[in-house]
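Engineer: build the 3D model from these lines:
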Amino acid sequence: MSTGEAAAPREHGWVLFLSALASFLLLPATPVLQVLGPIAQPVVLLVPLLAACALVGWVSGGRFLIAAAWVLLAVGALFSAPAPAGVSVAYVELERGWAVLLAAAFGFVSLAVPSARFFTRALVTLVVALALAAVAFLGAARPATTARRTIEGEINRRTAIAEQEWQQSVKAYQNALTAVGPEGRASAEEMQQAMRELVTTVPARESERFFPALLLLESLCALALAWALYHRLSRARIGLPLARLQDFRFNDQLVWGVIVGIVFLVVPTLHAWRNVGANLTLFFGTLYAVRGTGVLAWFLRSARPGLVTVLAVALLAGLLAPAFALGLGLIGLGDTWEDWRAKARPTT
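Structural biologist: Sure, this is the predicted structure:
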């Protein structure tokens, strides 16, 4: 291990990281998010990526035994861990095949460009993994249409489970409303219909349409968590720590991802590319929403808000989630040209 690696700055704290890790591992099991999340077991993504980080760390001067231990854990997670009940073997193979491609691509990119910051490595990793997946489909015995049917079947299975869980979770509340009288019974029936539409109609249709973008976003989260966890557990540095959310920014050329996506969506002659445009818009739009969140966090921190202000912002985000997310995306896009955080710094 070199002196530079030993003296490298550490990752920032444990509290926020553990909260993010718990959310990543547990939220996909909730009724709605289990329909939207492509990977049924997020640990299948996380552990191979940790093994890739450990192998890169070993090449950089880390301990071989640590790398070997993580590789063994990854092999166990991929090939020995039982699949969730009801999930088809074909879908399990797709999940774990993607996890292997993603980990291999991240290890290759990290060794090829060791000076690159994490976000650059992560984006290049996603591109390389997609290219490898395309090559694998071209040479595989099962064509891409078979994979699509497998994904549709898994989404339908999760939708049925989510609907059942929603019905069970609201049953007690419906009973309470029914006990009030005729108005309560009418409200209970309306709520049941709304829940059924929420769980079955919207997530099932949109999760199938946006499956590529959702998979890439979930993979990007897994990459960030694996990077942060590895650097908290190992002294062999393989790069700089993740920046704080308030400092999050990226190359402004990525705005073309949003522009191309919108063009594919709105130009009638490009109707065949509409799904591609929808996935590009969702993926890059989410990145800009996170950037907008960073801008908002920067200004809140600079203003030193009180607890009431923070709670008010959180409540607004919860009540107006779609509009709030769109607003954050617009703030992130605006930061491409305005760079508000730089302008807000004192000049003297």
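Engineer: all strands of this protein, in order?
Structural biologist: Across the chain, reading from the start of the chain, there are no strands by DSSP state E.
Engineer: which segments of it make up each domain?
Structural biologist: 1-242, 243-348 (automatic domain parsing).
Engineer: most tightly surrounded among those domains?
Structural biologist: When the domains of the chain are scored by mean count of other Cβ atoms under 10 Å, the highest mean neighbour count falls to domain 1-242 (a mean of 17). (C-beta placed from N, C-alpha, C; glycine too.)
Engineer: just to revisit the earlier point, export the domains of the chain to CSV and tack on mean pLDDT?
Structural biologist: Formatted as CSV, the entries for the domains of the chain read as follows, by pLDDT from 0 to 100:
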stretch, mean pLDDT
domain 1-242, 80
domain 243-348, 80
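Engineer: all helices of the stretch 51-200 of the chain, in order?
Structural biologist: Listed in chain order, the helices of the stretch 51-200 of the chain (DSSP state H, counting those that start in this stretch) span 64-75, 89-112, 118-139, 144-180, 182-196.
Engineer: repeat for the stretch 201-348 of the chain
Structural biologist: Using DSSP H, counting those that start in this stretch, helices in the stretch 201-348 of the chain cover 202-209, 211-233, 255-266, 274-303, 307-319, 321-338, 340-344.
Engineer: residue 118: which of the ones you listed is closest?
Structural biologist: The minimum distance between residue 118 and the helices of the stretch 201-348 of the chain falls on helix 211-233, with 5.5 Å, by Cβ to Cβ.
Engineer: what is that closest one packed up against?
Structural biologist: When contacts are defined as 3 or more Cβ pairs under 8 Å, 6 or more residues apart in numbering; DSSP states H and E, helix 211-233 sits against helix 15-26, helix 43-59, helix 89-112, helix 118-139, helix 274-303.
Engineer: among the ones you listed, which is nearest residue 37?
Structural biologist: Distances from residue 37 to each of the helices and strands packed on helix 211-233 were compared by Cβ to Cβ, and the smallest falls on helix 15-26, at 9.7 Å.
Engineer: relative to helix 211-233, how tilted is the closest one?
Structural biologist: The directions of helix 15-26 and helix 211-233 differ by 140 degrees, with axes from the mean of the first three to the mean of the last three Cα atoms, to 10 degrees as the criterion.
Engineer: in space, what's closest to residue 239 - neighbours in sequence excluded?
Structural biologist: Of all residues beyond its chain neighbours, the one nearest residue 239 is residue 118 (5.9 Å), with distances taken as Cβ to Cβ, 6 or more residues apart in numbering.
Engineer: what residues does the one you found make contact with?
Structural biologist: 223, 224, 227, 239, 240, 242 (Cβ atoms under 8 Å, 6 or more residues apart in numbering).
Engineer: any chance of TSV for these, columns distance to residue 155?
Structural biologist: Formatted as TSV, the entries for these read as follows, by distance: Cβ to Cβ, whole Å:
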residue	distance to residue 155
223	24
224	25
227	29
239	36
240	38
242	32
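Engineer: quick check: the gap between the closest residue to residue 258 other than its chain neighbours and residue 294.
Structural biologist: Using Cβ to Cβ, 6+ apart and skipping the chain neighbours, the partner closest in space to residue 258 is residue 284 (4.6 Å). Taking Cβ to Cβ, to the nearest Å as the criterion, residue 284 is separated from residue 294 by 15 Å.
Engineer: can you check residue 27 too?
Structural biologist: The value you get for residue 27 to residue 294, if Cβ to Cβ is used, is 21 Å.
Engineer: same check, this time on residue 38
Structural biologist: As it turns out, when the distance is counted by Cβ to Cβ, residue 38 lies 25 Å from residue 294.
Engineer: distance to residue 247 for the helices of the stretch 201-348 of the chain - can I get that in JSON lines?
Structural biologist: Converted to JSON lines, those look like this (distance: least, Cβ to Cβ, whole Å):
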{"stretch": "helix 202-209", "distance to residue 247": "32"}
{"stretch": "helix 211-233", "distance to residue 247": "14"}
{"stretch": "helix 255-266", "distance to residue 247": "19"}
{"stretch": "helix 274-303", "distance to residue 247": "7"}
{"stretch": "helix 307-319", "distance to residue 247": "19"}
{"stretch": "helix 321-338", "distance to residue 247": "12"}
{"stretch": "helix 340-344", "distance to residue 247": "8"}
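Engineer: am I right that residue 235 is in contact with residue 66?
Structural biologist: No. Look at residue 235 against residue 66 with Cβ atoms under 8 Å: they stay out of range, at 9.7 Å.
Engineer: quick one: contacts for the residue lying closest to residue 84 once chain neighbours are set aside?
Structural biologist: Counting by Cβ to Cβ, 6+ apart, residue 84 lies nearest to residue 40, which is 5.2 Å off, once chain neighbours are set aside. Shown here is residue 40, whose contacts under the criterion Cβ under 8 Å, 6+ apart are 28, 34, 84, 87, 91, 95, 154, 158.
Engineer: try 10 Å
Structural biologist: Taking Cβ atoms under 10 Å, 6 or more residues apart in numbering, we find residue 40 in contact with 28-29, 34, 83-84, 86-87, 91-92, 95, 154, 157-158.
Engineer: great, nothing more from me.
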